[in-house]
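[1] Got a predicted structure plus its sequence, pasted below:
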Amino acid sequence: MYPYKTALNIIKTFEGFNEKAYPDPGSGGEPYTIGHGTQFYPDGTAVKQGHMCTKKKALEYVLKDINIIAHELKALNMGLYPSSLEALISFIHSIGWEAFLYSEIIDQLDRNDYKAVTESINQWVFDKNHQVIGGLLDRRRQEVRLFLQDIEMNPWPSDMILLKAFRNYSAAPHQVRAIRELESAVSPYVLSEFANAFCVTDTIDEMEDEELRDIFSSWS
């Protein structure tokens, strides 16, 4: 089983697929990006204007990108949980390794200050004109959620109240009333986040899963 499938899904979801290299929005030129957000080929050469790639090659390139980032993160010996590692893989793939190294996040991780880490991640949503990039807001939310997945930050246990309620739901009048009262008390933003997370599906189909396994097993 490929160990960084969730990070791969986030990257592919927000990078999309581009068969033709496109320029940096800020410079109008280099760095050029291809496939699922790849700027450098596995041999280290930069993507150039006019370059093309297939979906299979794009998958191979992004898997190499992920593998390199994961290796570098593990070398820092920060004791990351698997979900936190995957979240940072996606985040670093988005902002670049150098930007990550010069951020405050490594120091915050050393202090186990996970709240500060999530706040730092959420700051990386602006373009050079300090305008919020819409797609990055959703990406950062997913990365933060994944980062905290294995970290206990809630001071009191929920005892799976909602899960138990869903299992016992029968559309009885008092249940419908209770749901409407809960909706009125919860912010629309939180409800939207819940709806998106509740309906999420795996973006890697079976055919691609086989390709992924073939590529990953060839590195073992």
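    The structure has been received and is ready for your questions. Numbers count the residues shown, from 1 in each chain.

[2] now the farthest one out in the chain, which residue is it?
    Pro173 (39.4 Å; Cα atoms, centre = their mean).

[3] That residue and Ala75: what is the separation?
    Distance, Pro173 to Ala75, by Cβ to Cβ, to the nearest Å: 59 Å. Placement of C-beta: from N, CA and C, glycine included.

[4] repeat for Glu19
    With distances taken as Cβ to Cβ, Glu19 is found 33 Å from Ala75.

[5] the more surrounded of the two?
    Comparing Glu19 with Ala75 by other Cβ atoms under 10 Å, the one with more neighbours is Glu19, at 13 against 8.

[6] What about that one? Give its phi and psi, please.
    When quoted as degrees, to the nearest 10, the phi and psi of Glu19 stand at phi -70, psi -20.

[7] again, but for Asn112
    Given degrees, to the nearest 10, the pair of backbone angles that Asn112 has is phi 60, psi 30.

[8] which residue ranges form the strands in this protein?
    Secondary structure of the chain (DSSP state E): strands at 18-22, 33-35.

[9] how many other residues sit next to Lys56?
    Lys56 is flanked by 13 other residues according to other Cβ under 10 Å.

[10] Then Tyr32?
    Tyr32: 20 surrounding residues under other Cβ under 10 Å.

[11] what does Ala171 give?
    Applying other Cβ under 10 Å, I find that Ala171 has 7 neighbouring residues.

[12] try Asp65
    Residues lying near Asp65 (other Cβ under 10 Å) number 23.

[13] wait, doesn't it sit right on Ser94?
    No - the pair Asp65 / Ser94 is not scored as a contact, 11.0 Å apart, by Cβ atoms under 8 Å.

[14] Find residues that contact each of these two.
    Applying Cβ atoms under 8 Å, 6 or more residues apart in numbering, one finds that Asp65 and Ser94 are jointly contacted by Gly37.

[15] Thanks again, I'm all set now.
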